[in-house]
Structure formats: structure tokens, C-alpha cells
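> pasted the sequence and its predicted model underneath.
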Amino acid sequence: MAYSSTGWNVIGAAKKGNAPSMYTYTSADAIATVNTSGYFNDLSDTLAVGDIIFVHDSGTPTMSIVMVASNASGVVDVTDGTAISMTDSD
């Protein structure tokens, strides 16, 4: 699939300095699809290197954290993603 703005939400956008902005993104796309270079190109004017995106795969469900690795000439690339373990042992 492709990026869809309906799954995009701002947690906190940095106003000054070098603090990263934080976002959430929910999609039925697996993290292997979302972390592909170019997936977030529609947001190239919004995202900066170092910004953090919490990616929720609503199909599986899983949660991963990715960081914007590069954003040049309208091409956004994010890191592979760190899985957030979702266990409930009670």
C-alpha cells in the first residue's frame, strides 16, 4: 500500500532548537513496507532528520519506532524500526 494521511497524527512538533518532532502513524502496512525509502515522501516538507514516528500496524497489530534518517530532494527515508514488545503476562 502507500502512505495515507488519515493515519498521521502529530504528538509534538518542535518549534525551536534541535528537539525532534514526534508523530504517530497507523496503517495496515507492515513495518517492512513503511520503512521503505520514499514511503513518507508526501511529508518531505514536514519531516526533519531525527524526527520520531511511532508506527502502529493495525493489521497485525504491532508497534515500532522509526526515526527519519534522511530527507533530501523530496525523498524521505526512515530507519528500519525498533519493535515495541507488547506482552501481557497476567
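Sure, I can see it.
> can we go C-alpha only for contacts and neighbour counts from here?
Will do.
> ok, now which ones touch Asn41?
If a contact means CA atoms under 8 Å, 6 or more residues apart in numbering, then Asn41 has Gly74, Val75, Val76 as its contacts.
> revised request: answer the last question for Ala14.
With contacts defined as CA under 8 Å, 6+ apart, the neighbours of Ala14 are Pro20, Ser21.
> need the three-state assignment for it.
Secondary structure, DSSP: H, G, I helix; E, B strand; the rest coil: Ala14 is coil.
> in JSON lines, list the contacts of Asn41 along with pLDDT and distance to Ala14.
Below are those laid out as JSON lines (pLDDT from 0 to 100; distance: CA to CA, whole Å):
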{"residue": "Gly74", "pLDDT": "95", "distance to Ala14": "20"}
{"residue": "Val75", "pLDDT": "97", "distance to Ala14": "21"}
{"residue": "Val76", "pLDDT": "97", "distance to Ala14": "18"}
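> now Thr33, what's its secondary structure?
With three-state DSSP as the criterion, Thr33 reads helix.
> just give the number of residues close to it.
Residues contacting Thr33 under the criterion other CA atoms under 10 Å number 14.
> try Val75
If you count neighbours by other CA under 10 Å, Val75 ends up with 15.
> do the same with the one 4 residues further on
Neighbourhood size, Thr79 [other CA under 10 Å]: 17.
> same question, Ile31
By the criterion of other CA under 10 Å, Ile31 has 21 neighbours.
> I figured Ser31 hits Asp57, correct?
Small correction: residue 31 is Ile, not Ser. Yes. Proximity of Ile31 to Asp57 meets the contact threshold set by CA atoms under 8 Å, at 7.1 Å.
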